[in-house]
Structures are given as C-alpha cells and as structure tokens.
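Enquirer: Quick one, what's the 3D model for this:
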Amino acid sequence: MDGEGSERAEAGWARGRFDGTALVVTLGGRWTLANARSLEATLARLETGGSKAMTLDMTKVAAIDSAGAWLLHRQILRWQEAGSEISLANASHAQTALLARMAIEGSERRPLARPALGALRELAIRTGEATVDFAAEAHALVSFVGAVATTWVRALRRPGRVRLVSTVHHIESIGIDALPIMGLLAFLIGVVLAFQGADQLRQYGAEVFTINLLGVSVLREIGVLITAIMVAGRTGSAFAAEIGTMKVNQEVDAMRTLGLDPMETLVLPRLIALAIALPMLVFYADAMALAGGAVMVIVGLDLSLAQFFEQLAGAVTLPTFAIGLIKAPVFAVLIGMVACYEGLKVAGSAESVGIHTTRSVVKSIFLVIVFDAGFSILFSRLGI
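Expert: Numbers count the residues shown, from 1 in each chain. Model (predicted):
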C-alpha cells in the first residue's frame with residue numbers, strides 16, 4: 001500500500017463518485033474518536049452536487065466506534081434534511097447496529113422542531129412551579145404568624161403561662177452577651193460615617209454639619225438597621241439552629257406528647273426576649289456610634305466635646321431619636337418569627353438544620369430591609 005493509501009486507512013476518509021443515477025460515497029479507514037476532528041472536516045468538504053439519491057459504501061471501513069458512527073449519523077441527517085435519500089451498502093451487521101443505535105439516541109437528544117416554543121414552555125413551567133412554591137411558603141408563614149398571634153393572646157389572658165426563666169435567659173444571650181461586638185461595630189461605623197461625611201463636606205466649608213449628618217443618619221437609620229442585621233445573623237441563626245436540632249432529635253415531638261405547646265415553650269419566650277432586648281441594643285448602638293463619631297470629629301475637625309453636643313442637640317429632635325426605637329420591636333418580631341419558623345421546619349438530618357438556619361438569616365435580613373424601606377416611605381409621607 002502506498003503512503004496515501006496507508007494514511008487513509010489509518011485516518012479515515014470518504015470519496016464520492018456518480019454512477020449515473022446516484023452518488024456513491026465510499027468510506028474507508030478508521031472512523032474512531034481519535035480521528036473525529038479530521039473526519040468532521042472530511043465530511044464537511046465532501047461535494048454531493050445536490051444528488052437526491054446517495055449510497056454509502058462501507059466496504060473499506062477498517063474500524064468504527066460510537067464517535068465515528070455519531071459523526072456519520074449526523075451527516076446523514078443533514079443530507080436527508082437537504083432532500084437526499086440515503087442507503088447503506090456493504091455494511092456489516094455490527095456497523096448497521098451501531099448506526100441504528102446512534103439514530104435512536106439521536107432522536108432522543110434531538111431538540112424540538114420549534115426550540116423557541118420549547119424554551120418558552122420550560123420557562124412557563126419553572127415560573128409556575130416557583131409561583132406555587134412561593135404561594136405555599138407565604139401561606140405557611142401566614143399560618144405561623146396566626147399561631148404566634150393566638151399564643152400571644154393566650155399569654156396575655158394568662159400571664160402565668162409565660163416562662164420567665166427562659167425569657168430572662170434569652171434576654172441575657174441576645175442583649176448582654178452581644179454588647180462587646182455590637183459596641184465595637186457601632187463605634188467603628190460612627191468613626192467611618194464621621195470621616196466620610198467630613199471628607200465630603202470639607203469641599204463646601206461645612207465640616208461642622210458632619211455632626212448633623214452623623215446624628216440623623218445614626219438615630220434614624222444606621223443604628224437600628226445595623227443592630228437588626230447583627231441580631232438576625234447572630235441570634236436568629238442561633239434560634240433556628242437550636243429549634244432545628246430539637247426537631248432532629250425529636251424533642252419537639254416529645255414536648256407535644258407531654259402536653260406542652262412548642263409555641264409557648266420555644267417560640268414565645270424568644271419573641272418576648274427579642275422584643276425587649278433589641279430596643280435596648282439599638283439604644284446602646286446609637287450611643288456607641290455617636291461616641292465613635294464624636295472621637296473622629298474632635299480629632300479630625302479640631303472641635304471640642306461641648307461644641308459636638310451643642311451641634312448635635314440642634315440637629316436631633318425627639319422624633320428623630322424615637323423613630324429608630326419604634327422600628328426596633330417590629331424588627332425583633334420579624335427576626336424572631338422567621339428564625340422560629342425556619343427552625344420548626346427542619347426535618348430529617350443535620351443538613352436540613354444548616355439549610356434552614358441559612359434561610360432564616362437571609363429571610364430575616366431581607367424582611368428587615370424591606371420593612372425599613374416601608375418605614376422610611378411612611379415617615380416621609382407623614383412628614384416626620
């Protein structure tokens with residue numbers, strides 16, 4: 001065999017010739033994965049002259065695997081779509097079976113005739129499933145809110161059912177234990193706000209109004225928002241993980257068996273503790289942020305402490321101070337309900353605990369920001 005024939009036998013090749021009535025394509029060589037790139041180029045270069053009848057002669061095919069069969073099957077489909085009728089000649093039983101298998105698998109993988117409609121259908125299905133899931137989640141959350149409200153009313157009618165020891169324990173863990181990290185964070189935020197505000201206002205010779213900016217932003221928005229986000233990440237995750245672990249260990253089921261209501265035992269003390277501790281944490285965070293801003297103003301703007309308090313008193317009114325504290329109990333109830341709700345949804349495994357703990361933090365922070373935006377719009381409309 002000459003060099004050209006040896007190369008064709010090794011690499012795989014295809015030649016076409018007309019026999020008067022049809023185009024005969026002779027295939028030869030090795031139609032394997034190793035030669036897939038060259039085979040694809042060979043098939044692309046093959047001239048058919050628009051023949052309506054084609055015969056594939058596989059006499060000289062030395063070897064063919066799934067990759068070669070798939071390339072050949074795909075080319076056959078292209079010829080058929082162009083209007084040609086394809087027939088096989090001198091194909092072995094194994095080659096015929098392999099091409100038939102490619103035809104079956106190809107029909108299963110082949111895209112819909114109208115892919116745009118198929119994509120729209122899939123999008124509609126996914127949108128519908130997401131809508132149904134969202135509606136079911138919203139219904140479950142509203143049902144949980146109703147159960148919490150019922151428990152609150154029952155506790156107001158019979159205060160003796162409130163577990164004071166558990167409530168005080170949670171107030172300590174939520175509030176007192178969080179003072180160091182909350183104080184440091186608020187102090188640094190005050191420093192940053194004062195520094196950035198002074199840097200911008202210096203361009204207009206109004207550095208003294210940095211104190212106004214600091215006081216209003218901290219007392220109205222920053223203090224309560226940062227505190228709520230910190231509590232959602234620190235305390236909300238802890239609540240979800242604690243209750244979730246109890247669910248996994250079947251302790252919640254044991255409570256129900258003993259006649260104890262998990263809403264009264266687990267949820268209510270945590271909500272009361274959050275509603276009490278979060279406003280106090282907000283007050284503390286406001287004070288620490290103003291302290292951080294005062295340090296920055298005194299050091300950076302060369303003002304005295306007396307000047308700082310004088311300017312702050314002129315900038316901050318009682319409604320400005322009260323707005324942040326009004327938001328705090330609302331955020332506390334949101335964080336507590338979401339954390340307890342996600343904790344009670346845990347089922348089956350430690351992985352579920354992690355999933356629902358993460359969800360509780362994400363949902364709590366999302367709801368806090370949404371409600372904060374709602375409060376801002378409401379107070380703006382009321383002119384407060």
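Enquirer: now the strands: where do they sit in the stretch 101-250 of the chain?
Expert: For the stretch 101-250 of the chain, strands defined by DSSP state E, counting those that start in this stretch do not occur.
Enquirer: Walk me through the domains of this protein.
Expert: 3-109, 113-161, 162-382 (automatic domain parsing).
Enquirer: And for G183, nearest residue in space, chain neighbours not counted?
Expert: Counting by Cβ to Cβ, 6 or more residues apart in numbering, G183 lies nearest to M288, which is 4.7 Å off, once chain neighbours are set aside. In this view, the C-beta of every residue, glycine as well, is placed from N, C-alpha and C.
Enquirer: Please, which helix or strand holds that neighbour?
Expert: Using DSSP states H and E, M288 sits within helix 268-301.
Enquirer: That helix - contacts with which helices or strands?
Expert: helix 115-157, helix 164-174, helix 179-201, helix 210-217, helix 223-231, helix 305-315, helix 318-344 (3 or more Cβ pairs under 8 Å, 6 or more residues apart in numbering; DSSP states H and E).
Enquirer: As a markdown table, the ones you listed with mean neighbour count, mean pLDDT and distance to R359 would be great.
Expert: Shown next, in a markdown table, are the helices and strands packed on helix 268-301 (neighbours: other Cβ atoms under 10 Å; pLDDT from 0 to 100; distance: least, Cβ to Cβ, whole Å):
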| stretch | mean neighbour count | mean pLDDT | distance to R359 |
| --- | --- | --- | --- |
| helix 115-157 | 12 | 83 | 10 |
| helix 164-174 | 16 | 90 | 20 |
| helix 179-201 | 18 | 91 | 23 |
| helix 210-217 | 22 | 90 | 30 |
| helix 223-231 | 24 | 93 | 16 |
| helix 305-315 | 14 | 88 | 40 |
| helix 318-344 | 22 | 91 | 5 |
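Enquirer: Just put those in a markdown table and tack on distance to V299.
Expert: Formatted as a markdown table, the helices and strands packed on helix 268-301 follow (distance: least, Cβ to Cβ, whole Å):
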| stretch | distance to V299 |
| --- | --- |
| helix 115-157 | 48 |
| helix 164-174 | 33 |
| helix 179-201 | 10 |
| helix 210-217 | 12 |
| helix 223-231 | 22 |
| helix 305-315 | 11 |
| helix 318-344 | 25 |
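Enquirer: of all those, which lies closest to I365?
Expert: helix 223-231 (5.6 Å; Cβ to Cβ).
Enquirer: That closest one: how far from the chain's middle?
Expert: 22 Å (Cα atoms, centre = their mean, to the nearest Å).
Enquirer: orientation of it relative to helix 318-344 in degrees?
Expert: 20 degrees (axes from the mean of the first three to the mean of the last three Cα atoms, to 10 degrees).
Enquirer: Any chance you could list what contacts helix 223-231?
Expert: 174, 178, 181-182, 185-186, 189, 274, 278, 281-282, 285-286, 289, 324-325, 327-328, 331-332, 335, 365, 368-369, 372 (Cβ atoms under 8 Å, 6 or more residues apart in numbering).
Enquirer: State the distance from R17 to R121.
Expert: Using Cβ to Cβ, to the nearest Å, R17 is found at 46 Å from R121.
Enquirer: residues contacting V330?
Expert: F371, F375.
Enquirer: Quickly find the element holding D57.
Expert: Assigned by DSSP H and E, D57 falls in strand 53-64.
Enquirer: Each with direction, which strands does that strand pair with?
Expert: strand 23-31 (parallel), strand 85-89 (parallel) (DSSP bridges).
Enquirer: which one of these is the most hemmed in?
Expert: strand 23-31 (a mean of 22; mean count of other Cβ atoms under 10 Å).
Enquirer: what pLDDT, on average, does that one get?
Expert: Mean pLDDT, strand 23-31: 84.
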